[in-house]
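Asker: Below: sequence and its predicted model.
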Amino acid sequence: MSTITQTGEKIIGKIVSISNMSVSVLLDTYDVSVRDIIYAQVGDRWVFFEINNVNGNIANAIPMGNVYGLRKGLDVYLRRGGLHIEYSDEVLGKVFDALGNTIDGSQIAAPQTRNIYAKNLSMSEINIKGDVLWTGIKVIDFFAPLQKGYKMGMFGGAGVGKTVLVKELINNLYTGQGNNSVFVGIGERSREGRELYDEMAASGLLEKISIVFGQMGENPMIRSRAAYSGLTVGEYLRDEKNQDVLVFIDNIYRFLQANSEISAELGNMPIESGYSTSLLTEISEVMERINSTEEGSITSFQAVFIPADDMTDFAVNAIMSHMDGQVALSRKIAEKGIYPAVDVFNTTSKLVSREGVGERHFSLVERSIAHFARYAELEEIVAVLGIDELSEEDTNIFYRTRKLRNYFTQPMFVSEQYTGIAGQAVNIADVLNDVESILSGEFDTRTEDEFYYIGAAAR
């Protein structure tokens, strides 16, 4: 593991009070600001803090680790440059913590770093008319197409194929356009981080991705700062390499949760459900860094935890207000062996409009959703009365929808070694032709099994 280099040696003050999540420092100088990094030495280790506020000659700072061993009267030093992370091609193929340290055993010979709180893009730099980012995954490109710079929520618990979908998106984006990705783990279990690392290495995707982890066992400061560190890495790939970058954040809710823990420890009065009063500002600060420019873009998939399955939760609503769409993964669908296990009723994108994707695509999405809705009703009737009780029109809808459902399964490149089926990326033009053919009855003479785990439909 690499270590943070101490770049400042001048004593700026002394510790005067200590708690688990807050340290007060009596300053000898006023040359410090909010979000500056200060540190103290405890035996043979350094403990780092980020300044939260300055009131006269007293600075309140939040520790970035265990405060064990700290005591009143310890000298405090200022580290110039603040909290920073690698800002070069060295970010690829490595795993970082929120402080910019590598945690996968790798070393960076000549670090080139940047402060993680870089300013947002100016209005003149943002491109809101970015191109559509086709992924080659049928169900996403059809029901929830991405525009460069979009922010998409991803809903799905363990065991529904989220990791496979993430890996396939990384693979397809890199294969099709030569662009890389960033995975940000906020409040993730260390076991899940190790699994992701090993699976990326086994799939040959590790060199195409940078991973930033604020693990569940870390204190809330490190968990929350993982979001800023990960976005800084994404900004390097967008602004310096001119790439269209996919940034995966799992889980963005944990970012707000960590900030609420910090706020509570500082004694700030909480708002609804115990959240921080600055929640809206905190989520906006992160989301506003996800944008497209003329030269590159950051497009984001963000897992969103729903506490107690309450979609009206204040933090969830704050997150969703920034989203351009969502992809919902369903356990019930996964149990039927349908992957990607996308729930089409809860999957959407702002791009699905006549102006966004065109009249034909929009019309086919509406017709497909109508078929799936009617199929759900017919499935209950068939279970009780049998298929023979349906009208000719409903019988057609029933069988065509089953073919459509199977058609949106897809063999993945990253799971070839497990399924034995060669992965396929499908052009959106082929998807539209196939969906139209299924809905119009062109494939009525073919069985539904012929549409199971295929790419484009053979004619």
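Answerer: Looks like it came in fine.
Asker: gap between the two ends of stretch 290-309?
Answerer: End-to-end distance for stretch 290-309, by Cα to Cα, to the nearest Å: 27 Å.
Asker: and what of stretch 329-338?
Answerer: Its first and final residues considered, stretch 329-338 spans 11 Å by Cα to Cα.
Asker: Give the rounded mean pLDDT of that stretch.
Answerer: Averaged across stretch 329-338, pLDDT comes to 89.
Asker: mind listing what's buried in it?
Answerer: Neighbour counts over stretch 329-338 (16 or more other Cβ atoms under 10 Å) mark 329-330, 333-334, 338 as buried. Glycine gets a C-beta too; all of them are placed from N, C-alpha and C.
Asker: Any chance you could list what contacts whichever helix or strand Arg194 is part of?
Answerer: Arg194 belongs to helix 190-202 when assigned by DSSP states H and E. Residues from elsewhere that reach helix 190-202 (Cβ atoms under 8 Å, 6 or more residues apart in numbering): 95, 104, 163, 167, 183, 185, 206, 209, 211, 213, 215-217.
Asker: mind listing which of those residues are in strands?
Answerer: 95, 183, 185, 209, 211, 213, 215 (DSSP state E).
Asker: What's the separation between the fourth one and Glu450?
Answerer: Think Ile209. To Glu450, Ile209 is 35 Å away according to Cβ to Cβ, to the nearest Å.
Asker: who has more neighbours, these two?
Answerer: Ile209 (25 against 13; other Cβ atoms under 10 Å).
Asker: Spit out the contact partners of the more buried one.
Answerer: 92-93, 170, 180-183, 200 are the contacts of Ile209 under Cβ under 8 Å, 6+ apart.
Asker: what's the closest of these to Asp309?
Answerer: Nearest to Asp309 among these: Phe183, at 25.7 Å, using Cβ to Cβ.
Asker: Do you know the pLDDT at the closest one?
Answerer: pLDDT at Phe183 comes out at 92.
Asker: Based on its surroundings, how many neighbours for it?
Answerer: Neighbours around Phe183, by other Cβ under 10 Å: 26.
Asker: my read: it touches Ser210, true?
Answerer: Yes - with contact defined as Cβ atoms under 8 Å, Phe183 counts as touching Ser210 (7.5 Å).
Asker: which residues do those two both contact?
Answerer: Gly230.
Asker: List the neighbours of stretch 419-431 that are in contact with it.
Answerer: 134-138, 141-142, 145, 168, 171-172, 175-176, 361, 410-416, 453-457.
Asker: Just the buried ones among those, please.
Answerer: Among these, those classed as buried by neighbour count (16+ other Cβ under 10 Å) are 134-138, 141-142, 145, 168, 171-172, 361, 410-415, 453-457.
Asker: Now intersect the residues you listed with the helices, please.
Answerer: Among the buried ones among the contacts of stretch 419-431, the residues falling in helices (DSSP state H) are 138, 141-142, 168, 171-172, 361.
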